[in-house]
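>>> next comes the sequence, and after it the predicted model I'd like to discuss.
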Amino acid sequence: MKIHHFAIWCQDIELMRSFYIKYFCCESNSLYHNPKKHYTSYFLSFNEGDCKIELMNRPDITDEPSKRGFIKGIAHFDIEVGDEKKVDELTEQLRLDGYVIASEPRKTGDGYYEAGILDPEGNYVEISASVN
């Protein structure tokens, strides 16, 4: 068994798509649109592995930004970006581009080198490398 994809409800699906394409080298399919349900989505693929991100939008889905990532349920997801240098470089690029660095790069007790960032809609994303 394996995880095929995870999905994120988005306020601005185009902004989120651009973010993941720019910083994580994702490739995107064409926009899917279901006019009856007022639903749109994209599937984003990484250059390695099979797991995908599905970005979704429907006008009746609302959010409560102050609780994002801090309520029961999924707290974050992790994207392995290569080595420690790549974690540092990507963290600094995101900082320079005005994104929130929620957790500075560091070695963790469970064998990773990681940083935590917030994507354009406040989702907590770890960027990591395995520590040998």
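Received the coordinates, thanks. Numbering: from 1, shown residues only.
>>> how about the helices in this structure?
13-24, 84-96 (DSSP state H).
>>> so which of those helices is nearest His38?
Of all these, it is helix 13-24 that lies closest to His38, at 12.3 Å by C-beta to C-beta. (Each C-beta comes from the backbone N, C-alpha and C, glycine too.)
>>> and the closest one, what's its mean pLDDT?
The average pLDDT within helix 13-24 is 97.
>>> what does stretch 49-65 give?
For stretch 49-65, mean pLDDT is 86.
>>> and it, what's buried?
Neighbour counts using 16 or more other C-beta atoms under 10 Å place 52-57 of stretch 49-65 among the buried residues.
>>> mind checking which of these land in strands?
With strands taken from DSSP state E, the overlap with the buried residues of stretch 49-65 comprises 52-57.
>>> dump the residue contacts of the residue of the chain most remote from its centre.
Residue farthest from the centre of the chain, counting by C-alpha atoms, centre = their mean, is Lys36 at 28.0 Å. Residues near Lys36 by C-beta atoms under 8 Å, 6 or more residues apart in numbering: none.
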